[in-house]
Each structure stands twice: as structure tokens, then as C-alpha cells.
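[1] Predicted model and sequence below, questions to follow.
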Amino acid sequence: MRRSMLFMPGNNAGMLLNADILGADAVILDLEDAVSPAEKDAARILVRNAIKTLGYQCEVCVRINSIDTAFWKRDLEAIMPLRPSLIMPPKISSAQDVLTVDAYMSQLEDALGMERNTVRLIPLIETALGVENAFAIAGSSPRRQWDYSSFCWAART
């Protein structure tokens, strides 16, 4: 069961290095709000290398950039090969937003020879429209992390 999630800016090597020592159940390596546009590419490389080499002892989630930016596909291309536990797309306002991210993740999984739905989704609802569409968002993708089987697994551990 996930009790705490700690956001870490993806452009801060020191914070990434120590991300899991504070005892959080999950670390969220942030490529979005915590990173200025000029640092997006460097942060993506830093987060990729941190996941690859640091061996976090907790669940790893990567908050990608919003689908209304030019960055989100590059975020997924860099991160998906490392199989983080979760991808966190921000500013989700509709089920279609989730399906857009899900479809690209599936393309990447196929290209990488990964089983589909290996990496799960935990969409962020941050707008009034997202709240209005929350029920549709919650049921929009089979890779959502809040499904019954995930809950049962967490309850058994």
C-alpha cells in the first residue's frame, strides 16, 4: 500500500541521488513543473540515468510533461525502456488524454519488445474539467494503477 509519494525535481542530481532515503513509499521523479524549459533535455537524461544506476528501494514514478507540450513523447522515449513502476501524466482533463498517453506507451512497449501494460499510469487531475470527467478518466485505460488486481496485490503484501 502506498502511503506517501515524494516529488523530486528531475534536474537536481543531489536530490535524485538521495530520493529514497527519506522513507517514502514512492518517489516521483519530476520532468514537468520542477524543470524549466531550458533544462528539459538535461533533466530527462539525469532521470534516465538515475533510474538506471541508483537502484531505488521504493516504487519509481516519473511525472512526464503534459500532452499539450512538445516534451512528453521524448520523456516517454527516454524513460520507458527502464520500466519505471508508473508514468504520471499531468493536467489530465479527459479520458482521451489518458488514451493518448496509453497509445504512445503501447507503441513504445511494442518497439522495445515489452509486454503491454508493463508500465502503469497514474494520471493527475489538476483542472476543473478533469474533476468533472474523473469517472471517465478513472476507467479509460487498462494500465491504470488503481485497478482491482493492483489493490488486491497491495493488500496481500
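    Okay, I see it. Residues are numbered from 1 along each chain as shown.

[2] going forward, measure contacts and count neighbours with C-alpha atoms only.
    Will do.

[3] quick one, helices of this structure?
    With helices called from DSSP state H, the chain shows them at 13-17, 40-54, 72-79, 95-112, 128-132, 134-138, 148-156.

[4] OK, contacts around residue 136?
    94-95 (Cα atoms under 8 Å, 6 or more residues apart in numbering).

[5] Please report the distance of it from residue 91.
    15 Å (Cα to Cα, to the nearest Å).

[6] What of residue 74?
    For residue 74 relative to residue 91 (Cα to Cα), the value is 18 Å.

[7] if you count what's nearby, which of the two comes out ahead?
    residue 91 (18 against 14; other Cα atoms under 10 Å).

[8] what about the closest residue in space to that one that isn't next to it in sequence, neighbour count?
    The shortest distance from residue 91 to any non-neighbouring residue, by Cα to Cα, 6 or more residues apart in numbering, is to residue 126 (5.1 Å). Residue 126 has 12 neighbouring residues, counting by other Cα under 10 Å.

[9] now the one 5 residues further on
    By the measure other Cα under 10 Å, the count of residues near residue 131 is 15.

[10] wouldn't it be in contact with residue 137 here?
    No. With contact defined as Cα atoms under 8 Å, residue 131 does not reach residue 137; the gap is 9.1 Å.

[11] between the two, what contacts are shared?
    With Cα under 8 Å, 6+ apart as the test, residue 131 and residue 137 both reach residue 93.

[12] Tell me how far residue 14 lies from residue 82.
    In terms of Cα to Cα, residue 14 sits 20 Å off from residue 82.
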